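Undergrad: no sequence on this one, just coordinates:
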């Protein structure tokens, strides 16, 4: 009898019965992990990178010499000059194939702008005076330190204001200011027209964009 029980005892010892309430978890199955997915890498656009580098250089460029004083022109010397930048020139839609014309004359300590708007050039007709804040005409200038244009004006309104920038090429951003027969002081925040005016190539002040002949006077042009 003892010989017959020995194998049974050994079997029980090798395969103990779980205690009441005890949980026996099965061995976890081995699952091969999926290979990590690799997102496609977009190739770098060299032209976009170059544009961004040029933008950062323009944003960090020093302001024009003379900008700190703020005065552009007061025309007291009787000349069409400026305290900094490349000065003033006539500007009209003739530059883009239109037929509007303009004449500039400094008289009585102010700049008189006589413009004729060609009806056939509407709605994109324009004529007036262009100030170039850079060291050459249409050369960008960083005006971030003084983004507000201040000007004394009177005449046949409204006074047209255009801001040219390097980023927009030959397409300016345009606004207008209502003026009257008497002198008044007017302000234009250029940063509302050109975000961060760090590459302004020209500031235009001119006659209304309406067919006919118009006269506008400007004086004491400043940036602040």
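TA: Structure received. The shown structure was predicted, so the numbers you read here are calculated from the model rather than taken from an experiment.
Undergrad: quick check: end-to-end length of stretch 75-82?
TA: For stretch 75-82, the separation between the terminal residues is 8 Å (C-alpha to C-alpha, to the nearest Å).
Undergrad: check what pLDDT the residue most central in space within the chain gets.
TA: In the chain, the residue lying closest to the centroid (C-alpha atoms, centre = their mean) is residue 195, at 3.4 Å. Model confidence at residue 195, given as pLDDT, is 90.
Undergrad: how near is it to residue 134?
TA: 19 Å (C-beta to C-beta, to the nearest Å). (C-beta placed from N, C-alpha, C; glycine too.)
Undergrad: kindly report the same for residue 48.
TA: Taken as C-beta to C-beta, the span from residue 48 to residue 134 is 25 Å.
Undergrad: more neighbours: which of the two?
TA: residue 134 (20 against 9; other C-beta atoms under 10 Å).
Undergrad: show me the contacts for the more buried one.
TA: Residue 134 sits next to 64, 85, 86, 140, 141, 201 when contact means C-beta atoms under 8 Å, 6 or more residues apart in numbering.
Undergrad: go on, residue 92?
TA: Counted by C-beta under 8 Å, 6+ apart, residue 92 has contacts 98, 100, 101, 102, 115, 126, 127, 128.
Undergrad: what's the neighbour count on the second one?
TA: Residue 100: 26 surrounding residues under other C-beta under 10 Å.
Undergrad: cool, and the fourth one?
TA: Burial of residue 102 is recorded as 22 neighbouring residues (other C-beta under 10 Å).
Undergrad: name the nearest residue to it, sequence neighbours excluded.
TA: Nearest non-adjacent residue to residue 102, counting by C-beta to C-beta, 6 or more residues apart in numbering: residue 127, 4.0 Å away.
Undergrad: okay, the one you found: pLDDT?
TA: 98.
Undergrad: that one against residue 100, yeah?
TA: Yes - under the criterion of C-beta atoms under 8 Å, residue 127 lies in contact with residue 100, with a separation of 4.4 Å.
Undergrad: what do these two both touch?
TA: 92, 93, 115, 116, 117.
Undergrad: could you report the distance from the fourth one to residue 82?
TA: Spelled out, that is residue 116. Distance from residue 116 to residue 82, by C-beta to C-beta: 25 Å.
Undergrad: equivalent analysis for the first one, please.
TA: Between residue 92 and residue 82 the distance is 20 Å, computed by C-beta to C-beta.
Undergrad: next secondary structure after the worst-scoring helix or strand of the chain on mean pLDDT?
TA: When the helices and strands of the chain are scored by mean pLDDT, DSSP states H and E, helix 2-14 comes last with a mean of 42. Next in sequence after helix 2-14, counting helices and strands by DSSP states H and E, comes helix 46-59.
Undergrad: so how far is that next one from its chain's centroid?
TA: 13 Å (C-alpha atoms, centre = their mean, to the nearest Å).
Undergrad: what's near enough to touch the closest residue to residue 124 other than its chain neighbours?
TA: Nearest non-adjacent residue to residue 124, counting by C-beta to C-beta, 6+ apart: residue 93, 6.3 Å away. Neighbour list for residue 93: 99, 100, 118, 121, 124, 125, 126, 127 [criterion: C-beta under 8 Å, 6+ apart].
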